[in-house]
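Student: Show me how the following folds:
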Amino acid sequence: MRKKLILILFILATSPILAQNDNLWKTLAKVEIEKKLDETLNFEVDFPTFSEEVKKLDGQTIELKGWMIPLEELQGESYFVLSSLPFANCFFCGGAGPETVAEVFASDKIKYTDKRITVRGKLKINADDPMKLMYILQEAEIVD
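Tutor: A predicted model of the protein is given here:
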């Protein structure tokens with residue numbers, strides 16, 4: 001019995017899927033933002049420098065809890081933005097930073113909700129494309 005328990009704990013600890021973790025947003029906040037002139041766009045944009053802890057998550061399957069940003073043109077689609085904060089406090093409307101939101105590309109269409117949801121997907125960190133958010137969840141799905 002004890003060996004079985006140790007095996008289960010080992011599998012959970014080494015699983016590529018991180019447990020549902022409200023603190024994962026805190027980990028994703030470990031990024032330095034520098035404003036630089038983008039010569040193509042001809043204005044200053046945010047360029048992130050990710051901590052080693054964040055870099056280790058690149059390509060990993062993770063779960064994030066948050067709120068869908070209610071963009072009417074995106075509701076019910078397979079693309080949306082997830083915010084760690086409610087709509088009134090989010091990056092686009094409040095004063096939060098760009099590390100508090102993630103682009104979500106879902107495997108299937110997802111109906112909009114104003115309730116907090118958990119999303120599982122493969123994390124891609126983006127340090128190069130100023131037209132995209134810093135965090136992108138690919139192959140995402142809603143977790144019950």
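
Student: Which helix or strand contains T118?
Tutor: Counting by DSSP states H and E, the element that carries T118 is strand 117-125.

Student: Tell me where the protein has helices.
Tutor: Applying DSSP state H to the chain gives helices spanning 2-14, 24-28, 52-55.

Student: weakest of these in terms of mean pLDDT?
Tutor: Note on these: lowest mean pLDDT is at helix 2-14, with a mean of 39.

Student: Bridged to F50, which residues?
Tutor: Residues in a beta bridge with F50, per DSSP bridges, are V31.

Student: burial measure for it, as a count.
Tutor: 20 (other Cβ atoms under 10 Å). C-betas here are computed from N, CA, C, even on glycine.

Student: next one: W25
Tutor: Residue neighbour count, defined by other Cβ under 10 Å, stands at 19 for W25.

Student: For the residue nearest to it when sequence neighbours are not counted, give me its contacts.
Tutor: Nearest residue to W25 in three dimensions, chain neighbours excluded: S84, at 4.1 Å (Cβ to Cβ, 6 or more residues apart in numbering). By Cβ atoms under 8 Å, 6 or more residues apart in numbering, the residues touching S84 are W25, L64, K65, G66, A96, T100, V101.

Student: what's the spacing between S84 and L64?
Tutor: Look at S84 and L64: by Cβ to Cβ, to the nearest Å, they are 7 Å apart.

Student: Same question for N23.
Tutor: Taking Cβ to Cβ as the measure, N23 and L64 are separated by 11 Å.

Student: the more surrounded of those two?
Tutor: It is L64, of N23 and L64, that has more neighbours when counted by other Cβ under 10 Å, with 26 against 8.

Student: Setting aside sequence neighbours, what's the nearest residue to that one?
Tutor: The shortest distance from L64 to any non-neighbouring residue, by Cβ to Cβ, 6+ apart, is to V119 (5.5 Å).
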